[in-house]
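Participant: Turn this into a model:
(one chain, ligands or ions: 1)
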Amino acid sequence: MKIEELPRIPIGKLPTPLEKMTNLSKVTHIPHLYMKRDDLTDIGYGGNKIRKLEFLLADAREKGADIVMSTGGVQSNFTRQAAAFAAKVGMRSVCILLGKEPEDYRGNLLLEKLMGAELYFATAENLDEGAAVAAELMESLTAQFEKEGHICYPMPISGSTPMGNVGFTLGFLEFSSQMEDMNIDADHVVLATGSGGTLAGLLVGKMMTGSKATIMGIRVGYMFDPFRENVAQMANELSSFLDLDFTFSAKDIITFDEYIGEGYDIPTQSANEAIKLVARTEAIFLDPVYTGKAMAGLLGLVEQGAVPRDDTIVFWHTGGHPALFVGEELLGKEFMESLKSSP
Ligand SMILES: *Cc1c(COP(=O)(O)O)cnc(C)c1O
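Facilitator: Next up is the predicted model:
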């Protein structure tokens, strides 16, 4: 299938800006630093999943679905963006959230409720085990809704299917033409990677354009292992889905585990410092779960010399702002105290 022939609901605010980070460059002494603003894709606060949902929900609509089902953590950006997209195109949205229902609905959870999503909580020890619990719940809910005459469109965590990930292949093509207009040529693209779908989509796009950029995924949790193998497989599936003959193996996938800290959605000091730095220099917000850790990774890799300081480096902002408004639980008590007591 050719990309142009895929069904698509093109309502994301695209292309997203590609901006030079002038102030952040000065304080970090990284002279050629840019940001791809996928936090600005719009539709219910935006983020990277909007690119995936443009294709996933078009596929859902073609299949006659009237209920879209998504799954993720309690503060999932994916389920919130799925709920937003569904609201926008007039479908029912069911979110299956892995974790305990909190007393206070904040951040993504609050937004989901405001947008009329139907929430189900599935308790599990961790995201990997949760994926199995969620899959079961999704199956039984699907059976129930179908008995009532509905057609469901279930999506896996992060919407990482070839149909979703293709959004980032197009994202890379968009980025590539922006670079041409701006007369720059990225040496490195750095982004937060969770399930790896975004990374896989970008890698296929990179191969299509012949870009020289190394694409570096900063991991944010110890899940979806063996990770590089899984990302290579997703990129291979996407490539054959598009009738392209690129092949990837684990050694083609560049990822870093060093910025995860203790685990998924557990704050790290370096991420919190990165959030503060970018807010104070550029008035751009990162989030504690994904993009804060990814920016800590970018800065750390330059500091260590693993990424040459004078190279052209692009930070791909994948969104996630609403997690900031969860506050202490995701930023940590110590950091919140330090914000209050220091300038
Ligand atoms: C989901 C998400 C990611 C990770 O995307 P994957 O395709 O699952 O790797 C990164 N950043 C933010 C803010 C996200 O919400």
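Participant: And the residue lying closest to P162 once chain neighbours are set aside, how far from the ligand?
Facilitator: For P162, ignoring the flanking residues on the chain, the nearest one in space by C-beta to C-beta, 6 or more residues apart in numbering is F241 at 3.8 Å. (C-beta placed from N, C-alpha, C; glycine too.) Here F241 is placed at a distance of 16 Å from the ligand (C-beta to the nearest ligand atom, to the nearest Å).
Participant: so what's P308 up against?
Facilitator: By C-beta atoms under 8 Å, 6 or more residues apart in numbering, the residues touching P308 are D187, V302.
Participant: what about M208, neighbour count?
Facilitator: M208 has 18 neighbouring residues, counting by other C-beta atoms under 10 Å.
Participant: cool, R106 as well?
Facilitator: For R106, using other C-beta under 10 Å, the count is 16.
Participant: what do you get for the one 4 residues further on?
Facilitator: As a burial measure, the neighbour count of L110 was computed by other C-beta under 10 Å and equals 15.
Participant: per-residue confidence at it?
Facilitator: With respect to pLDDT, L110 scores 98.
Participant: dump the residue contacts of it.
Facilitator: Neighbour list for L110: P322, F325 [criterion: C-beta under 8 Å, 6+ apart].
Participant: try L56
Facilitator: Neighbouring residues of L56 by C-beta under 8 Å, 6+ apart: V68, Y153, M155, G159, T161, M163, G164.
Participant: From those, keep the buried residues only.
Facilitator: Buried by 16 or more other C-beta atoms under 10 Å: V68, Y153, M155, G159, T161, M163, G164, out of those.
Participant: before we move on, the earlier item: now do the same contact list for the residue nearest to P162.
Facilitator: Going by C-beta under 8 Å, 6+ apart, F241 touches M1, P162, M163, V166.
Participant: Out of the buried ones among the contacts of L56, list just those in strands.
Facilitator: V68, Y153 (DSSP state E).
Participant: returning to what we had before: just the ones of the contacts of L56 in helices?
Facilitator: M163, G164 (DSSP state H).
Participant: can you list the contacts of L56 in CSV and add pLDDT and distance to the ligand?
Facilitator: Shown next, in CSV, are the contacts of L56 (pLDDT from 0 to 100; distance: C-beta to the nearest ligand atom, whole Å):
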residue, pLDDT, distance to the ligand
V68, 98, 16
Y153, 97, 18
M155, 95, 12
G159, 97, 8
T161, 98, 11
M163, 98, 13
G164, 98, 8
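Participant: With distance to T193 as extra columns, can I get the contacts of L56 in CSV?
Facilitator: Compiled in CSV, these are given as follows (distance: C-beta to C-beta, whole Å):
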residue, distance to T193
V68, 24
Y153, 25
M155, 18
G159, 14
T161, 16
M163, 19
G164, 15
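Participant: Just name the closest of the contacts of L56 to G194, please.
Facilitator: Nearest to G194 among the contacts of L56, counting by C-beta to C-beta, is G159 at 11.0 Å.
Participant: correct me, but the closest one touches T198?
Facilitator: No. If you go by C-beta atoms under 8 Å, G159 and T198 don't touch, sitting 9.7 Å apart.
Participant: Tell me the buried residues within the contacts of F241.
Facilitator: Among those, those that count as buried by neighbour count (16+ other C-beta under 10 Å) are P162, M163, V166.
Participant: Quick check: residues of the stretch 101-250 of the chain near the ligand?
Facilitator: Within reach of the ligand by C-beta under 6 Å from any ligand atom, the stretch 101-250 of the chain has these residues: S158, S160, A192, T193, G194, S195, G196, G197, T198, L199.
Participant: who's in contact with the fourth one?
Facilitator: Yep, that's T193 we're talking about. Taking C-beta under 8 Å, 6+ apart as the contact definition, T193 lies against L199, G217, I218, R219, V220, V231, T255.
Participant: for the residue in the stretch 1-150 of the chain that the ligand sits nearest to, what are its contacts?
Facilitator: At 3.2 Å from the ligand, N77 is the closest residue in the stretch 1-150 of the chain, using C-beta to the nearest ligand atom. Neighbouring residues of N77 by C-beta under 8 Å, 6+ apart: G47, N48, K49, N108, Y290, G319, G320, P322, A323.
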